[in-house]
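J.: Provide a 3D model corresponding to the input given below.
(2 chains, ligands or ions: 2)
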Amino acid sequence: MNLRRVETSTWIYLAISFLLIFIPFIVTGRSMQFIFIQIFIFAIFAMSYDILLGFTGIISFGHVMFFGIGAYSTAVTLGRMDATIGSFVLGAIIALVIAAIVSLIVGALTLRLKSHFYAMLTLALAGLFLVLAEKWRSVTGGNDGFTFSLPEFFRDSETMYWFSLLSMVLIFFGLRRFTRSPFGRVLMAIRENENRTESLGFQVTYYKVLASVVAGVVASFAGVLYALSLRFVNTAVFATDLTIDVLLMTIIGGVGTLIGPIVGAGLVEFAHHWLSGLADVHWIFERWIILYGIVYVLVVIFFPLGIVGTIQSKFMNRPVRALRTNRKSDGKKENRKGA
Amino acid sequence: MTAILETKDLSIAFGGHVAVNGVTVEIPEKKFTSIIGPNGAGKTTFFNLLSGQLSPTNGSIYFKGEDITKVSTTKRARMGIGRSFQITNVFPNLTVLENVRLAVQSKNKVRYNIFSHFKHYPGFEKRSLELLDIVFLKEKANAIAASLAHGEKRKLEIAMLLALETEILLLDEPTAGMSVEEVPAIMDVIRNIKDEGNRTIVLIEHKMDMIMGLSDEVLVLYHGELIAKGTPAEIVENETVQAAYLGGGV
Ligand SMILES: Nc1ncnc2c1ncn2[C@@H]1O[C@H](COP(=O)(O)OP(=O)(O)OP(=O)(O)O)[C@@H](O)[C@H]1O
Ligand SMILES: [Mg+2]
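T.: Ligands and ions are numbered 1, 2, ... in the order given. Now for the predicted structure:
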């Protein structure tokens, strides 16, 4: 029965992906296509964050550094070599390898310790990468960044659209399988109760480090696509704003669902677009970050499971249902015991 | 009689408070050992030291003669020291079945497989359901663990411990919080494991009558110290124990 439901959702997701293929024929404006491309890219980024936060329970304040590593590796490689597919592939490989190494080192250093060490070290490192990108002008072009030309293949906006869509769909199904593997199940156990996972005989640190490497590599790939889509890179790809954006997308969509971050990315990107469009109407919309904050607070209060999480708990009787109510009741029980 | 677990001068202090104080004891292999003692005597803390949740301020622990004082919880579990927890310690937002399935998965050493679907091991689910049946929790298999009543969580604890099939079972008040009707059934489960005769069981329990029939040996902890050990009959007669229980105010 369970398997059949999995099949159904897979068919639904495939059907939606199929429909999305035709968007460029309906929406022919470059800027609108660009918004969709950004959504796919940020959906990938947010899914990678969900692996950390939603599935393993690891908080990172500097996840953007992997995104930035991806963007700069691609841009620098394409900027210095011929604009060919070969250079792109090389740039992407460099991006993924650097991200894997950095996440492995950061994870191995801090994930044995209390959880806030990882959060703090990633925050510090993201800051460090930002400074590095600003100061190492000869390579990065400093704050202003630099433009580069794309391989022929990526030049038209439709191709970029399909390539990003395909990447997102493949990464979604790949990560979904990952979270449903025996390994992924242990990640969820760690999120729920690290101590107990250890006493079942699982080497918790290995799992957390591997989860962080997967998240880092996927985030880096999102950065690769981001640089491609802009044909430009600057230090903004290391800015904390992006970590906050991606955190928002994941939480609004629903942590631990993978599909949630995709929905969240769509909402946040469209909100960006419309709110900055409304700036002509009233100055308040220029301060969209305030509105953001308000929306964020409302979501956390009324939909603590996020949009997808809430829908799933209403209609599908999924384990996430318990996330809110039972944490509460558990706390009460613990208090009663203590009293 | 060989000892499977051994402690030498084992102590732990929390700040100034010595919770376990110089305990030297041998846990005989394939026997049933009970630990009794008033509230706060250090029984759970002693278990935490054996299973590696806490590391001692002094003394050492041996498993089959090997010093495991510095060995991690994970490794000890893999070596064969399994335990259940007094304060239930399950995976709250996962289903009851998934809680047990994870333990079965660990027992079968399926650890780093990231490619197959977890359902590709149907044997794990079957085994988990068997275990849930043993502890009378099968109907709740698809419930979220956090939604279980306290007594049910204890049963889940036991199922998760049994799933590991460890040589040593450390049971910390497994029946606490269960209704009076449920206790005998769970004690039967424990008795059956004992009767199979190939496991070492260590049980922490307050109710003397419950362990009388089961135990080969009883250890008495009082203020962190091992004040007596012997057969149940000897312990009942022991004056120090009587004094501790009467004078200590349980
Ligand atoms: N992590 C800890 N930090 C500080 N003190 C602790 C800690 N764990 C236990 N203690 C203290 O150590 C003493 C022994 O506690 P422990 O839980 O081992 O007793 P117990 O014999 O299991 O009692 P009970 O029968 O109530 O379960 C208590 O005074 C307790 O407050
Ligand atoms: Mg106790």
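
J.: Please make it C-alpha for all contacts and neighbour counts, starting now.
T.: Fine.

J.: tell me the contacts of residue 150?
T.: Picked chain A for this. Neighbouring residues of A:L150 by CA atoms under 8 Å, 6 or more residues apart in numbering or on different chains: A:78, A:83-84, A:228, A:231.

J.: look at chain B instead
T.: Contact criterion CA under 8 Å, 6+ apart gives B:177-178 as the residues in contact with B:H150.

J.: Look up phi and psi at it.
T.: With angles defined as degrees, to the nearest 10, B:H150 shows backbone torsions of phi -60, psi -50.

J.: Check B:L219 too.
T.: Its backbone dihedrals place B:L219 at phi -110, psi 140, with angles given as degrees, to the nearest 10.

J.: Identify the bridge partners of it.
T.: Counting by DSSP bridges, B:L219 forms beta bridges with B:I35, B:K229.

J.: which residue does the stretch 151-300 of chain A bring closest to ligand 1?
T.: With distances taken as CA to the nearest ligand atom, the stretch 151-300 of chain A approaches ligand 1 most closely at A:N195, which sits 13.7 Å away.

J.: helices or strands up against the helix or strand that residue falls within?
T.: Following DSSP states H and E, one finds A:N195 within helix A:194-199. The contact analysis (3 or more CA pairs under 8 Å, 6 or more residues apart in numbering or on different chains; DSSP states H and E) places helix A:194-199 against helix A:182-192, helix A:204-230, helix B:73-79.

J.: how far off helix A:182-192 does the second one point, in degrees?
T.: Regarding helix A:204-230 and helix A:182-192, their directions subtend 100 degrees when assessed with axes from the mean of the first three to the mean of the last three CA atoms, to 10 degrees.

J.: After helix A:204-230, heading C-terminal, what element do we hit next?
T.: Past helix A:204-230, further along toward the C-terminus, the next helix or strand under DSSP H and E is strand A:232-233.

J.: Rounded mean pLDDT for that following strand, please.
T.: Taken as a whole, strand A:232-233 has an average pLDDT of 90.

J.: Sheet partners, orientation included, of that strand?
T.: Strand pairing (DSSP bridges) places strand A:232-233 next to strand A:146-147 (antiparallel).

J.: Pull the distance from the partner strand to the chain's centre.
T.: What separates the centre of strand A:146-147 from the centre of its chain is 24 Å, taken as CA atoms, centre = their mean, to the nearest Å.

J.: now swap in stretch B:119-134 and tell me
T.: For stretch B:119-134, the distance from its own C-alpha centre to the chain's C-alpha centre is 22 Å (CA atoms, centre = their mean).

J.: Buried residues, stretch A:167-181. List them.
T.: Buried residues in stretch A:167-181, defined by neighbour count with 16 or more other CA atoms under 10 Å in any protein chain shown: A:167-169, A:171-172, A:175-181.

J.: Determine which two of those are furthest apart.
T.: Across these, the two members that end up farthest from each other (CA to CA) are A:S167 and A:S181, 20.8 Å apart.

J.: Spell out which residues make up each domain of chain B.
T.: As assigned by automatic domain parsing, chain B contains the domains B:1-80+B:166-250, B:85-165.

J.: Quick one: end-to-end length of the shortest one, please.
T.: Right, the one you point to is domain B:85-165. 16 Å (CA to CA, to the nearest Å).

J.: try stretch B:26-36
T.: Between the opening and closing residues of stretch B:26-36 we find a distance of 16 Å, counting by CA to CA.

J.: Check stretch A:19-35 too.
T.: 17 Å.

J.: Compute the distance from the centre of it to the centre of its chain.
T.: Here the centre of stretch A:19-35 is set off from its chain's centre by 22 Å, with CA atoms, centre = their mean.

J.: again, but for stretch A:9-21
T.: The mean C-alpha position of stretch A:9-21 is separated from the chain mean by 20 Å, CA atoms, centre = their mean.

J.: so how many other residues sit close to residue 30?
T.: You didn't say which chain, so I picked chain A. The criterion is other CA atoms under 10 Å in any protein chain shown. On that basis, A:R30 has 13 neighbouring residues.

J.: Please refer instead to chain B.
T.: When neighbours are counted by other CA under 10 Å, B:K30 comes out with 20.

J.: any idea how far it is from chain A?
T.: 21 Å (CA to the nearest CA, to the nearest Å).

J.: Fine by me, we can end here.
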